[in-house]
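A.B. asks: Using only what follows, build the 3D model:
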Amino acid sequence: MIKEIFEKMLNKIKFLIEEKKQIVLLSLIIFILILLLILILSLSPKDKKSNSVENPFILSQELKNIDGPEIQNDYIYTRETKDKWTESETEQWFTEPTQKEIDSLKKSNEKIISDILGVAP
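C.D. replies: Below is the predicted model of the structure:
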């Protein structure tokens, strides 16, 4: 079935080429010219907008350099961390968590675990 359709199409093309050579040749030339024109237009450089500014910004006053805070010479950018806090540091910085805070943390951790396990295969 498909083979017959292709054979009919091929026979029609052969007939056109044999009987109407001028029309086929003219059509082929026009087709090639259109392809060449499209190729030339697509490869030609595009007009780029110039980066010039028509109305440049003109300062009415000279810019001032504002002095910032000076960094002291004895300023330390990094420090060594200790393995343990001292007793005074512990009293100053550590606060015992309440049962409500522990429960809240537990619930949020369980939710994260549940979300991870929920999508696991």
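
A.B. asks: C-alpha from now on. contacts and neighbour counts both.
C.D. replies: Will do.

A.B. asks: outside of the longest helix anywhere in the chain, which residues touch it?
C.D. replies: Using DSSP state H, we find that the single longest helix of the chain is helix 21-43. Outside of helix 21-43, the residues within contact range by C-alpha atoms under 8 Å, 6 or more residues apart in numbering are Leu16, Ile17.

A.B. asks: Please give the centre-to-centre distance between it and its chain.
C.D. replies: Chain-centre distance of helix 21-43: 39 Å, with C-alpha atoms, centre = their mean, to the nearest Å.

A.B. asks: count of residues packed around Lys100?
C.D. replies: Other residues lying near Lys100 total 9 when counted by other C-alpha atoms under 10 Å.

A.B. asks: for it, helix, strand, or coil?
C.D. replies: helix (DSSP: H, G, I helix; E, B strand; the rest coil).

A.B. asks: rewinding a little: the longest helix of the chain - what's its average pLDDT?
C.D. replies: Helix 21-43 shows a mean pLDDT of 89.

A.B. asks: Tell me the first helix or strand C-terminal of it.
C.D. replies: Helices and strands here follow DSSP states H and E; after helix 21-43, the next one along the chain is helix 87-93.
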